[in-house]
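Chemist: this one's structure only:
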């Protein structure tokens, strides 16, 4: 089988990596601020329990949507490949829906809730379709550990630029007027589209992979869900994503109630900004540590750093917090830096077992876990906020009413969920990741056999 051997210049790697901004900006703004926007910024806003319910329904939809789109992508056959068409033709619908998320109709709560639910379901479907195509190119285009570490460093730099935009810019917006949020949504819509189209200049596919045949639908998920490497990774990642999304979605409330900083005060945004600046500064460090110690050890080490650094949020004096959050940036970068490298190794191991490259299946199932984490954090935050406000549960008659109210201040409970459930989740992740098998001599053997397989296929 004659195939072109792709070789990627520094410029092409940069073009491809720039789409990390497009991946980070819409999803991180969504996960961090969708709850706050619909519950606080809108007037009248949705009750916390409504927003939580919508996000739970959204996660159930993702249980089908993300793995299914991964399966479809792996089975796509076109002249342009399995991944590129989804980026090329899906970007415009995707960014339009993202913009519409932030312009709900001024109507009664039921209409707003239905609009909210419809838009987030459409947003996630199109986000998955486009970004899954882009991320699935990573293990296919960059096959050596050295290449993957190099491109991961570039990609995570742009991811953090996107995260800074998505987290920090909205933190300066007023919490009583949706119009500035709509304008920021429009700005993010434009840059998301621009960088996705630029990424196509650095994207290439080996069309030979789509001629290899494919597993059936049932077999696809049976093989994936019995893969020990994938299962240990994906449950660790669920813990990480729960911690990250709970932290970012609770931060606007932490700023308002614990730090007592209004959105127009720049200090609240500066605290977030510094976390990402600290993270960017540690990219070279994690690159060197990854080359020396491997993905598994570095991921575990980074999680342990994060567990302890999260306790800085108990210090609600802003100036003290500015200093104490440095280790949080260090831990955050490790969580981002090694994730895709680990999935790439899992895809390599899977190819030895099945003879097929199934990047989108694994990235799609991992995307489902990311959305599931959002549902868990929405329940945690929604129930906490609802109980601090008071919540009435009517059993049968109006006189038979149970009123559930958390004791302690909103300040205490918001600080608590920033520091404790997040740390517990990461601790569970550390325990699970210790059983991840793709490391040491076994990983070296997998890399060697995959290289031999690719030479035999003519795709090396």
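Modeler: Looks like it arrived, so ask away. Every value quoted in this text rests on a predicted model; they were computed, and no experiment measured them.
Chemist: okay, now the closest residue in space to residue 201 that isn't next to it in sequence: neighbour count?
Modeler: Computed as Cβ to Cβ, 6 or more residues apart in numbering, the closest residue to residue 201 that is not its neighbour in sequence is residue 15, at 4.4 Å. Just so you know, the C-beta spots here come from the backbone N, C-alpha and C atoms, and that holds for glycine as well. Neighbourhood size, residue 15 [other Cβ atoms under 10 Å]: 18.
Chemist: is it true that residue 15 lies in a helix?
Modeler: Yes - the assignment for residue 15 (DSSP: H, G, I helix; E, B strand; the rest coil) places it in a helix.
Chemist: so where is the chain shaky, pLDDT-wise?
Modeler: Within the chain, the stretches with pLDDT under 70 are 1-6, 208-217, 220-221, 263-264, 389-408, 457-460.
Chemist: Next, the buried residues of the lengthiest helix in it.
Modeler: Counting by DSSP state H, the longest helix found in the chain is helix 109-141. For helix 109-141, the neighbour count (16 or more other Cβ atoms under 10 Å) marks 112-113, 115-117, 119-141 as buried.
Chemist: how distant is the helix or strand harbouring residue 164 from the center of its chain?
Modeler: Element membership for residue 164, per DSSP states H and E: helix 145-171. Offset of helix 145-171 from its chain centre (Cα atoms, centre = their mean, to the nearest Å): 12 Å.
Chemist: any idea which residue sits dead centre in this structure?
Modeler: residue 370 (5.7 Å; Cα atoms, centre = their mean).
Chemist: my read: the residue nearest to residue 201 touches residue 204, true?
Modeler: No - in this structure residue 15 lies outside contact range of residue 204 using Cβ atoms under 8 Å: 10.8 Å.
Chemist: Helix, strand or coil: sort out the closest residue to residue 333 other than its chain neighbours for me.
Modeler: Of all residues not flanking residue 333 in the chain, residue 279 sits nearest, at 4.1 Å (Cβ to Cβ, 6+ apart). Of the three states, residue 279 takes helix according to three-state DSSP.
Chemist: and the helix holding residue 164, what does it pack onto?
Modeler: Contacts defined by 3 or more Cβ pairs under 8 Å, 6 or more residues apart in numbering; DSSP states H and E place helix 145-171 against helix 10-36, helix 109-141, helix 179-199, helix 228-253, helix 266-281, helix 283-293, helix 326-337, helix 339-354.
Chemist: Report the angle between the fifth one and helix 283-293.
Modeler: What separates the directions of helix 266-281 and helix 283-293 is an angle of 40 degrees, with axes from the mean of the first three to the mean of the last three Cα atoms, to 10 degrees.
Chemist: repeat for the third one
Modeler: Orientation check (the same axes, to 10 degrees): helix 179-199 against helix 283-293 gives 50 degrees.
Chemist: Centre of the chain to helix 179-199, how far?
Modeler: Using Cα atoms, centre = their mean, the offset of helix 179-199 from its chain centre is 18 Å.
Chemist: what sits up against it?
Modeler: Identification of contacts with helix 179-199 by Cβ atoms under 8 Å, 6 or more residues apart in numbering yields 15-19, 21-22, 25-26, 29, 37, 41, 87, 91-92, 94-96, 98-99, 101-103, 130, 134, 165-166, 169-170, 173-174.
Chemist: Return the set of buried residues in it.
Modeler: Of all the residues in helix 179-199, those buried under the rule 16+ other Cβ under 10 Å are 181, 184-185, 188-189, 191-193, 195-199.
Chemist: need the contact list for residue 414.
Modeler: Neighbours of residue 414 in contact, by Cβ under 8 Å, 6+ apart: 250, 253-254, 257-258, 384.
Chemist: cool, residue 56 as well?
Modeler: Residue 56 makes contact with 375, 378-379, according to Cβ under 8 Å, 6+ apart.
Chemist: List only those of these flagged as buried.
Modeler: Buried members of those, counted by 16+ other Cβ under 10 Å: 375, 378-379.
Chemist: wait, which of these is closest to residue 58?
Modeler: Closest approach between these and residue 58, by Cβ to Cβ: residue 375, at 6.9 Å.
Chemist: burial measure for residue 260, as a count.
Modeler: Around residue 260 there are 12 residues (other Cβ under 10 Å).
Chemist: Make sure it is indeed in a helix.
Modeler: No - counting by three-state DSSP, residue 260 is not found in a helix; it is coil.
Chemist: check contacts around the closest residue to residue 73 other than its chain neighbours.
Modeler: Nearest non-adjacent residue to residue 73, counting by Cβ to Cβ, 6+ apart: residue 360, 3.6 Å away. Each residue near residue 360 by Cβ under 8 Å, 6+ apart is listed here: 69-74, 82-83, 132-133, 136.
Chemist: In helices, which of those fall?
Modeler: Residues of these located in helices (DSSP H): 69-74, 132-133, 136.
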